[in-house]
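> Sequence and predicted structure below; questions after.
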Amino acid sequence: MNAKRILVVDNEAKMRRILELALRNMGHEVAQAGDGEEALALLERESCDLVLTDLRMPRMDGIELLNALRARGDEVPVIVLTAYGTIETAVDAMKLGAADYIIRPFEMETVELAVTRALAMQAVQRENRFLRDELARGWGEFIGVSDCMQALYRLLEQVAPTRSSVFIVGETGTGKELVARALHQSSGRSGLFVPINCAAIPTDLLESELFGHAKGAFTGALSDRVGKCELSSGGTLFLDEITEMPPALQAKLLRVLQEGSIERLGANTPTAVDLRVVAATNRDPLQAVEEGRLRRDLYFRLNVVRVDVPLLRDRHGDIPLLAGHFLRQYARELGRPEPRLSATALRRLQSYAWPGNVRELENLIERAMVLCHGDVIGPEHFPAEVAHASSTTAPATPEAMLESRPMASLSMRPQVEALERQLIAAALARSDGNKAAAARLLEISERALWYKLKRYGL
């Protein structure tokens, strides 16, 4: 077994020393704390793989320590030490999520067995968490289990197999190209996915990029060139930032879509193309039409199905999944062990407004990985605006929710189901994907949980 870091919490220095020697003989690193408060302070600064704590201690006992850890979202395994007279308390600790308990006085073999078992269970839970995160991608390469993401998955599943044009609308950093790629990968079309950023290519070159050119069409055209429209025939052409395309080219693109053929610059012979166009913009497309940035006829041609990509600030419940994914990604890239986010750091992430959406979160995690030289990422590794973020939005009251809805949409069922789905997702995250533990948190039977997981597609 690889060496782990274990925290021993006991108000008796002699007992801490005995346990330290036993654990070091097993090959583990050991930290010590004299009571629960000292243990919490230590765990805020650094991470441990396991906590071994006495139940009866001054200031903060073992039960209070366990409660405090779980309240702040720390899922570190906890083994409690108890005397015969407090076995009932140890059982209560197990109900609160303790991994095991050891009755004092004890043999060292008992401690070694309990520690080995708890660490093995932790490894299984981490694997479950990884698998859960992979499953939580939900559709394509997406990560998220929130209601708005579930709605997005359902829409994409319906649209992907068709040849219909799709207009993707979303702020910068929401993942519009990811949506386009997912649509192509699930479309069954055998051709290429060909992206082109209409804002990144100079106007005098964009026409050639789109439609290609014949040799000698202009100065520097030394050979024939296939354009992106022709290259994507049979596949998907992704036009990012479509509102930045010059109006003259928009008119030519509209003709290509209507006739199903293109003419290279300088060529006289049309070439048939089988195009599926997916366009995207970070603007309001109707406002772009009113401002003359987007031709009205082209807009209606492209806007067969509109897909609005959810903002990160509208799905804060997905932030732990996204952050965990990026932590693993950059840990692999940097060749370092994967650190964990402190409970305070996670609260800051979920309180921030994320104007840059998922891309901003990814950049923040990369920055934190570079700046953090330990195994716990805290708010001090974040930019100031995130490190000091606090939630200022009060939850909507039932009265406010009712006032905002028309009388025809006052059905309780969708509201109750949405809340139930969120609670189940939160319980699974809190229990590292352990279904039995999640059922206990929700105070329902494991069978009932399995039924709801199937029903909600979690």
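Alright, I've got the coordinates.
> quick one: least confident helix or strand in this structure?
helix 398-403 (a mean of 43; mean pLDDT, DSSP states H and E).
> what's next to whatever helix or strand Leu66 lives in, contact-wise?
Here Leu66 sits within helix 62-71, counting by DSSP states H and E. The contact list for helix 62-71 (Cβ atoms under 8 Å, 6 or more residues apart in numbering) reads 9, 36, 39-40, 43, 51, 53-56, 60, 76, 78, 80-81, 89, 92-93, 96-98, 430. Heads up, the C-betas are built off the backbone N, CA and C, glycines and all.
> With stretch 284-296 instead?
167, 169, 242-244, 247, 250-251, 254, 281, 283, 299, 303.
> For the most centrally placed residue in the chain, which non-adjacent residue is closest in space?
In the chain, the C-alpha nearest the mean C-alpha coordinate belongs to Leu322, at 2.1 Å (Cα atoms, centre = their mean). Spatial nearest neighbour of Leu322, chain neighbours left out: Ile143 (5.4 Å); criterion: Cβ to Cβ, 6 or more residues apart in numbering.
> What number of residues are in the vicinity of the one you found?
Ile143 has 20 neighbours, counted by other Cβ atoms under 10 Å.
> again with Ser342
Considering only other Cβ under 10 Å, Ser342 is surrounded by 23 other residues.
> For the protein, just list every one of the strands.
5-9, 29-33, 50-54, 78-83, 100-104, 166-169, 193-197, 236-240, 261-262, 271-272, 277-281, 305-308, 340-341, 376-377 (DSSP state E).
> Determine which of these approaches Ala384 most closely.
Closest to Ala384 of those is strand 376-377 (Cβ to Cβ; 15.7 Å).
> in its sheet, what does the closest one sit against?
Sheet pairing of strand 376-377 (DSSP bridges) gives strand 340-341 (parallel).
> Kindly provide the whole-number mean pLDDT of the partner strand.
Per-residue pLDDT over strand 340-341 has a mean of 89.
> coming back round to it: next one: the residue nearest to the centre of the chain from Gly144, what distance?
7 Å (Cβ to Cβ, to the nearest Å).
> which residues touch Ile319?
Applying Cβ under 8 Å, 6+ apart, the residues near Ile319 are 312, 346, 349-350, 361.
> again with Asp100
By Cβ under 8 Å, 6+ apart, the neighbours of Asp100 are 79-80, 94, 114, 117-118.
> Kindly recompute the last result at 10 Å.
Contact analysis of Asp100 by Cβ atoms under 10 Å, 6 or more residues apart in numbering lists 52, 77-80, 90, 93-94, 110, 113-115, 117-118, 121.
> What about Tyr101, how many residues nearby?
20.
> Skip the chain neighbours and tell me the closest residue to it.
According to Cβ to Cβ, 6+ apart, the nearest residue to Tyr101 is Ala90 (3.9 Å).
> Distance of the one you found relative to Pro383?
44 Å.
> before we move on, what about His373?
Distance, His373 to Pro383, by Cβ to Cβ: 18 Å.
> Looking at those two, which is more packed in?
Taking neighbours as other Cβ under 10 Å, His373 and Pro383 compare with Pro383 leading, 15 against 8.
> which residues touch the closest residue to that one other than its chain neighbours?
Of all residues not flanking Pro383 in the chain, Leu364 sits nearest, at 7.0 Å (Cβ to Cβ, 6+ apart). In this structure, Leu364 makes contact with 323, 326, 349, 352, 354, 356, 377, 381-383, 386, judged by Cβ under 10 Å, 6+ apart.
> quick one on the thing from earlier: ok, the residue nearest to Leu322 touching Arg328?
No: between Ile143 and Arg328 there is no contact under Cβ atoms under 10 Å: 11.3 Å.
> since we're on Gly266, how many residues are nearby?
Counted with other Cβ under 10 Å, Gly266 comes out at 15.
> so what's it closest to, chain neighbours aside?
Ala217 is the one closest to Gly266 (Cβ to Cβ, 6+ apart), at 2.6 Å.
> Same list, the strands of the chain, but as a markdown table with distance to Ile444 please.
Listed next are the strands of the chain as a markdown table, based on distance: least, Cβ to Cβ, whole Å:
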| stretch | distance to Ile444 |
| --- | --- |
| strand 5-9 | 32 |
| strand 29-33 | 36 |
| strand 50-54 | 28 |
| strand 78-83 | 24 |
| strand 100-104 | 25 |
| strand 166-169 | 38 |
| strand 193-197 | 43 |
| strand 236-240 | 44 |
| strand 261-262 | 59 |
| strand 271-272 | 59 |
| strand 277-281 | 42 |
| strand 305-308 | 34 |
| strand 340-341 | 29 |
| strand 376-377 | 33 |
